[in-house]
Structures are given as structure tokens and as C-alpha cells.
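# need a 3D model of the following:
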Amino acid sequence: MNHSEHTNTTWLFEITPKNKFFTLNLKEVWQYRDLLLLFVKRDVVTVYKQTVLGPLWYLIQPLFTSITFTIIFNNVAGIDTGTVPPFLFNLAGITVWNYFTACLTGTSNTFGANAGIFGKVYFPRIIVPLSIVVSNLLKFGIQFFIFICFYGYYYFQGAAIGMNVTTLFFPLLIVMMGVLGLGLGMFISSLVTKYRDFSNLIGFGVQLLMYLSAVMYPMALIKEKLPTYGWLVEYNPLAYVIETTRYMLLDVGQLSIYGLGFTFLVTIFVFLVGVLIFNRTEKSFIDTV
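Modelled structure (predicted):
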């Protein structure tokens, strides 16, 4: 190939240094969409491939957790859920919470779990955590179907539950939850490459965060019973997502426009910071993993 032919060549992909302070190349992610789908398939198939119950674990975990919460927090502790059956109240919160935790914990070890691939082949690294968020939608869909089944059972039993016009916006709430989990996960995955002990704190931190996110109690209850510590829940964006979920699906609790606005802003901020730190870490992580 002579010089003139070389200069007129149109390349399919062009790999250039990332000199910008912040980059989120969605065009490049779209070009690698087949790889994204391949990672999604890998995540779905391999998680329960060598288990006895397989995908049934998607159903067992939320059901047993809801039963446990109902016995401990509602029957023993006496937390009132109003006209909504306690089991359904807990199942609604747990279903949405599980999607967030799956996104967070799944993406928090991106560099460590994929160091072998990252060190050999080039592709947009953000595809890996993004595939985890997408693949977890399948798990969420299965668990949400179980919720709908129990919802129908209680509804025909005469329980005072119902949906409202805000239910139409429920998918946006799930997207917000996934983006928040993605942003936090990318941020933590970047920290884990240098500070390994962060990986040991993730499980404990998620468990503690659940109790501060109104998963098993109404937000109004904590403000009434523990006004001194109520701000811990009030300034937790996840609590507003859980509370709004129950308002949309069960017509119980409160819809806080201020809370949703606050959650949206925190989600965007966490996501942008997560992408920024993730992009900076991917340049040098191979030396520390």
C-alpha cells in the first residue's frame, strides 16, 4: 500500500488516547453492543449453572426474606403496614432493593474479576459493569412476576391495595435504581484495585444500608419513633425509591416530589463520579490488581 492509499483508508475503529477529563463514549459502546449482549448472556448462564436449584434461587431469596421480615418486624416488633398485608409490603421493598444490591455488588469487583480479559483485548471497559446491570433486569423481572402473583392473590382476597396513575412511571424508578447501583459499583471497583479491604466491607455496608433504606418499615414510622436519627433515612436517596415503589404499586405511604428530585440529582452525581473514577482507574489498574 502506497502513501496515498494509506491516507485515504477509512478505518472501522480508531483507538486513540483518552485525553479528556471526562469521557462517556456511548457511540463506542453501541459499536460493541454484540459484546455487551455476550457478557449479559454470560452473566445469566454462569451464575447458577452449577447449582442444584438453578434459577429457583431468584424466587427463594426474596420469598424467604419477606417471610423473615414479616415475622420479626411485623409480628414480633409490631410494625404497622396499614391496610397492606405485611408480607406484600415487605416483598415490594425487597424486590426493588435486590435489584440495586445485585447491580452494586456485581459491578464492585469489575477490575478484579475481569483482569485477564482487560489485559489482553481492547473494548470499552464500561461494557462489563453495564452488562451486569442489564443482566440483573432478568432477575428483577422474575422476582417482580412473583410479586404480581402475590399481589393478585391478596387483591382477590379483598385486601385494600391498589395502583394509581403514578404506576406508569415505575420503570423510570427501576432505571434510576440501576444507574445508582452502577455508579456506586464503578466507584467501589476502582477503590478495590488499590485498597483490597474495601471488598470485605461491601457485604456489611449493603446490609447496614438496607436498614437505613426503609425496606421493612414506612419512612413515616422512623421519623415518628426515632426523630433524632430520622435524618439518616430522610437523606438516604434509596429510602425515597423504596417508599415511592410502595406508593406506586400498593397505594400506601407518601409520594415526595422533593425526595424524588433529591434522589435523581444524587443518582446523576454518583453516576458521573463513578464513570470519571472508573475511566481514570482503567488506565493503570493492571499494575495493582
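# quick one, helices of the stretch 51-200 of the chain?
Taking DSSP state H, counting those that start in this stretch as the criterion, the stretch 51-200 of the chain contains helices spanning 57-69, 86-107, 110-113, 115-118, 127-156, 170-192, 198-211.
# can you pull the contacts of the closest residue to I161 other than its chain neighbours?
Distances taken as CB to CB, 6 or more residues apart in numbering place L250 nearest to I161, at 5.2 Å, with adjacent residues excluded. Where you see a C-beta, it was placed from the backbone N, CA and C, and this is true even at glycine. Listed by CB atoms under 8 Å, 6 or more residues apart in numbering, the contact set of L250 reads 84, 88-89, 92, 161-163.
# export those residues as TSV, with columns for distance to S190, neighbour count and pLDDT.
Putting the contacts of L250 into TSV (distance: CB to CB, whole Å; neighbours: other CB atoms under 10 Å; pLDDT from 0 to 100) gives the following:
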residue	distance to S190	neighbour count	pLDDT
V84	40	22	91
L88	39	23	94
F89	37	28	95
A92	33	26	94
I161	42	20	88
G162	44	13	85
M163	40	15	87
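# got the CA positions of stretch 231-248 in CSV?
Output in CSV follows, covering the C-alpha atoms of stretch 231-248 (Å, rounded to 0.1, in the frame of the first residue of the first chain):
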residue,chain,number,x,y,z
TRP,A,231,-32.4,12.3,59.2
LEU,A,232,-30.3,9.2,58.4
VAL,A,233,-33.3,7.8,56.4
GLU,A,234,-34.5,11.2,55.2
TYR,A,235,-31.3,12.0,53.5
ASN,A,236,-30.9,8.5,52.0
PRO,A,237,-32.0,8.6,48.4
LEU,A,238,-32.6,4.8,48.4
ALA,A,239,-35.3,5.2,51.0
TYR,A,240,-37.3,7.5,48.7
VAL,A,241,-37.1,4.9,45.9
ILE,A,242,-38.4,2.2,48.2
GLU,A,243,-41.1,4.4,49.6
THR,A,244,-42.2,5.5,46.1
THR,A,245,-42.2,1.9,45.0
ARG,A,246,-44.8,1.0,47.6
TYR,A,247,-46.8,4.2,46.8
MET,A,248,-46.9,3.3,43.1
